[in-house]
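Participant: what's the 3D shape of this:
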Amino acid sequence: MVVAVAYVLVLMALIARVILRPGRDPVSRLAWIVVILLVPAAGIGGYLLLGETSIGRRRVARLRSAVEALPDPLAGLGPQAEALRPELPPRFQELFRVGRSISRYRVVGGNTARLLPDENQAIDALVGDIDAARDHVHLLFYIWLDDRNGARVAEAVGRAARRGVACRVLVDDVGSRAFIRSAHWRAMREAGARVVASLPVGIAVLRPLHGRIDLRDHRKLAVIDNRITYGGSQNCADPEFRIKARYAPWVDIMLRFEGPLARENQHLFAGDWALWTGEDIGHLLNEPMDKAAGGFAAQVIATGPSSRPFALSEMFQSLIFAARRELIITTPYYVPDSSIQSALRAAGNRGVRTMLVLPARNDSWAVAAASRSHYASLLGAGVAIHEFQGGLLHAKTLTVDGEVALVGSANIDRRSLDLNYENNILLHSPELVAEIRERQLNYAARGQEVHAAEVLQWPILRRLWQNSAAVLSPLL
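Facilitator: Prediction:
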């Protein structure tokens, strides 16, 4: 009797926690309550492992303290910072205001960028910049593989460290686990580089006591000498991506930026670095910065489980609703929340030429199924869907009316929206966006368009599986 009462009290307490936990989508609350009631043992265990989105209270406090102690990202501009406040069309000003509300970075002008031709040439450019570095090299990658490109970057870091350049490398403990155990990791450390793993799992069975075990640092960025930065979807790896070679090549997008935007990525890196190492590198943000003439407006948007709830979803929705003529999105993983799905349908229904480009073969069978559960609804609203055939389309891009683009690490799925640390760049530049848009259309042309008649003919068992995967997705 006592055991039964205690069991019921535990269930009631857990359900109360599900209902009261801030920042939870109502659909997700309902899904967890149903699972806890229907399969209590699995539900309780599952919620304790996967139901919360905290990296741990102490870590959150350290991160906030570290970020608050950093100088303003544009401190090095001094009084010239106001001169780089760009003039933007009013409807796009609103987008950058949303971006600033998320991670407090301002939209700043004076930036230039180069869209790198392909994955290997992106690594070529990065290695060249590391070899030319004079003061510091800061690298942050979710996945760093011990392959040809991974080795090339590691060797460049070693060369830079040996000539006295301060090299700091941060990788995700799970995404780069094999590389952390490799000879190249040890060689970078022995050369004098500081190499650190973020979100360490440690003893797996004890990890839930300190925060959710599967929260990951999904960011991909580089900052070199306070003036060059990279942003996009590419990990530090070959496009052949040998750990999942059957889906290769991984098709990514990477941009090399110069200008004040580099200081915002520097600020982002400095906060992460302070959290995982305790080292304060905020002095770099005070270094004088040349005021660039011309250039375009851009802003870093950083999100994660310690950001305000729904921040990334708000950003995607704002961009979708801003489209008047055309909206093109590429992402490898499309498992949206209901708000993003509704926003995309609204874009199609109000006459915006809306295109979604996804990979035909996905490395996650559950994500592929959940993505396709949304096809009928999108196609019915006039959204064009193309499935890329030439490997795994991993590029995360969104362009609005050929003028504004969002490029970075974030997918439109539950992991990026709620669980991963992500970094994206929002930019306004008709010239650069035209290049990104051309790349998006190339992805679409290398794919197969999906038609409503085809989707309606899918077998009932296939649709049952797809819809079941979508129903379970809020549990993440």
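
Participant: Could you list the domains of the chain?
Facilitator: Using automatic domain parsing, the domain parsing of the chain gives 2-50, 57-93+111-298, 311-475.

Participant: Kindly report which one of these carries the lowest mean pLDDT.
Facilitator: When those are ranked by mean pLDDT, domain 2-50 comes last with a mean of 72.

Participant: Rebuild the domains of the chain as a markdown table, extending it with mean neighbour count and distance to Ile102.
Facilitator: Heads up, the C-betas are built off the backbone N, CA and C, glycines and all. Shown next, in a markdown table, are the domains of the chain (neighbours: other Cβ atoms under 10 Å; distance: least, Cβ to Cβ, whole Å):
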| stretch | mean neighbour count | distance to Ile102 |
| --- | --- | --- |
| domain 2-50 | 14 | 14 |
| domain 57-93+111-298 | 19 | 12 |
| domain 311-475 | 20 | 5 |
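
Participant: Out of those domains, which is closest to Gly99?
Facilitator: domain 311-475 (5.1 Å; Cβ to Cβ).

Participant: and Arg104, which of the domains of the chain is closest to it?
Facilitator: domain 57-93+111-298 (8.8 Å).

Participant: Just the endpoints, please. Distance across that closest one?
Facilitator: In domain 57-93+111-298, first residue to last residue: 32 Å (Cα to Cα, to the nearest Å).

Participant: Turn the domains of the chain into a markdown table, including distance to Gly304.
Facilitator: Formatted as a markdown table, the domains of the chain follow (distance: least, Cβ to Cβ, whole Å):
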| stretch | distance to Gly304 |
| --- | --- |
| domain 2-50 | 12 |
| domain 57-93+111-298 | 8 |
| domain 311-475 | 4 |
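
Participant: between those domains, which gets nearest to Ser101?
Facilitator: Of all the domains of the chain, domain 311-475 comes closest under Cβ to Cβ, at 8.0 Å.

Participant: What ranges does the stretch 1-150 of the chain have for its helices?
Facilitator: Assigned by DSSP state H, counting those that start in this stretch, the stretch 1-150 of the chain shows helices spanning 2-20, 26-38, 40-50, 57-69, 90-103, 119-132, 148-162.

Participant: got those as JSON lines, with distance to Ile328 columns?
Facilitator: Output for the helices of the stretch 1-150 of the chain, formatted as JSON lines (distance: least, Cβ to Cβ, whole Å):
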{"stretch": "helix 2-20", "distance to Ile328": "37"}
{"stretch": "helix 26-38", "distance to Ile328": "27"}
{"stretch": "helix 40-50", "distance to Ile328": "33"}
{"stretch": "helix 57-69", "distance to Ile328": "33"}
{"stretch": "helix 90-103", "distance to Ile328": "16"}
{"stretch": "helix 119-132", "distance to Ile328": "21"}
{"stretch": "helix 148-162", "distance to Ile328": "28"}
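
Participant: can you pull out the strands in the stretch 201-350 of the chain?
Facilitator: Under the criterion DSSP state E, counting those that start in this stretch, the stretch 201-350 of the chain contains strands at 220-224, 228-232, 250-251, 254-258, 296-303, 326-330.

Participant: Specify the stretch among those that is closest to Ala191.
Facilitator: Closest among those, using Cβ to Cβ: strand 220-224, at 16.8 Å.

Participant: Parallel or antiparallel, list what pairs with that closest one.
Facilitator: strand 136-141 (antiparallel), strand 228-232 (antiparallel) (DSSP bridges).

Participant: could I get the shortest one in CSV with only the CA atoms?
Facilitator: As requested, the backbone C-alpha atoms of strand 228-232 are provided in CSV (Å, rounded to 0.1, in the frame of the first residue of the first chain):
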residue,chain,number,x,y,z
ILE,A,228,38.4,37.1,-40.3
THR,A,229,35.6,34.8,-39.4
TYR,A,230,33.8,31.8,-40.9
GLY,A,231,30.2,30.8,-40.6
GLY,A,232,28.0,28.1,-42.2
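
Participant: got the angle for that strand vs strand 296-303?
Facilitator: If you take axes from the mean of the first three to the mean of the last three Cα atoms, to 10 degrees, strand 228-232 sits at 60 degrees to strand 296-303.

Participant: quick one, strand 228-232 and strand 254-258 angle?
Facilitator: Going by the same axes, to 10 degrees, strand 228-232 makes 150 degrees with strand 254-258.

Participant: So what touches strand 228-232?
Facilitator: Contact with strand 228-232 is made by 122, 125-126, 129, 220-223, 252-258, 261-262, 265-266, 300, 395, 407-409, 423-425, as judged by Cβ atoms under 8 Å, 6 or more residues apart in numbering.

Participant: For that strand, what is the distance to the chain centroid?
Facilitator: 13 Å (Cα atoms, centre = their mean, to the nearest Å).

Participant: angle of that strand against helix 119-132?
Facilitator: Using the same axes, to 10 degrees: strand 228-232 against helix 119-132 is 160 degrees.

Participant: Nearest to Ile281, out of the helices of the stretch 1-150 of the chain?
Facilitator: helix 57-69 (10.2 Å).

Participant: which strands and helices sit next to that closest one?
Facilitator: Applying 3 or more Cβ pairs under 8 Å, 6 or more residues apart in numbering; DSSP states H and E, one finds that helix 57-69 makes contact with helix 261-277.

Participant: Distance from the chain centre to the helix it packs on, please.
Facilitator: Between the centre of helix 261-277 and the centre of its chain there are 15 Å (Cα atoms, centre = their mean).

Participant: Renumber starting at 660 from here on
Facilitator: Will do, 660 is the new start, and the previous item becomes helix 920-936.

Participant: Okay, angle between that helix and helix 749-762 too, please.
Facilitator: Relative orientation of helix 920-936 and helix 749-762, computed by the same axes, to 10 degrees: 20 degrees.

Participant: thinking again about what came up before, for Ser966, find the nearest of the helices of the stretch 660-809 of the chain.
Facilitator: Closest among those, using Cβ to Cβ: helix 749-762, at 6.5 Å.

Participant: and the residue lying closest to Arg967 once chain neighbours are set aside, what does it touch?
Facilitator: Closest residue to Arg967 apart from its sequence neighbours, by Cβ to Cβ, 6 or more residues apart in numbering: Ile761 at 7.3 Å. Applying Cβ under 8 Å, 6+ apart, we find Ile761 in contact with 960-962, 966-967, 970-971, 973-974.

Participant: hmm, back to that, switch the strands of the stretch 860-1009 of the chain over to a markdown table; also include distance to Gly1061.
Facilitator: Below are the strands of the stretch 860-1009 of the chain laid out as a markdown table (distance: least, Cβ to Cβ, whole Å):
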| stretch | distance to Gly1061 |
| --- | --- |
| strand 879-883 | 25 |
| strand 887-891 | 19 |
| strand 909-910 | 22 |
| strand 913-917 | 17 |
| strand 955-962 | 14 |
| strand 985-989 | 6 |
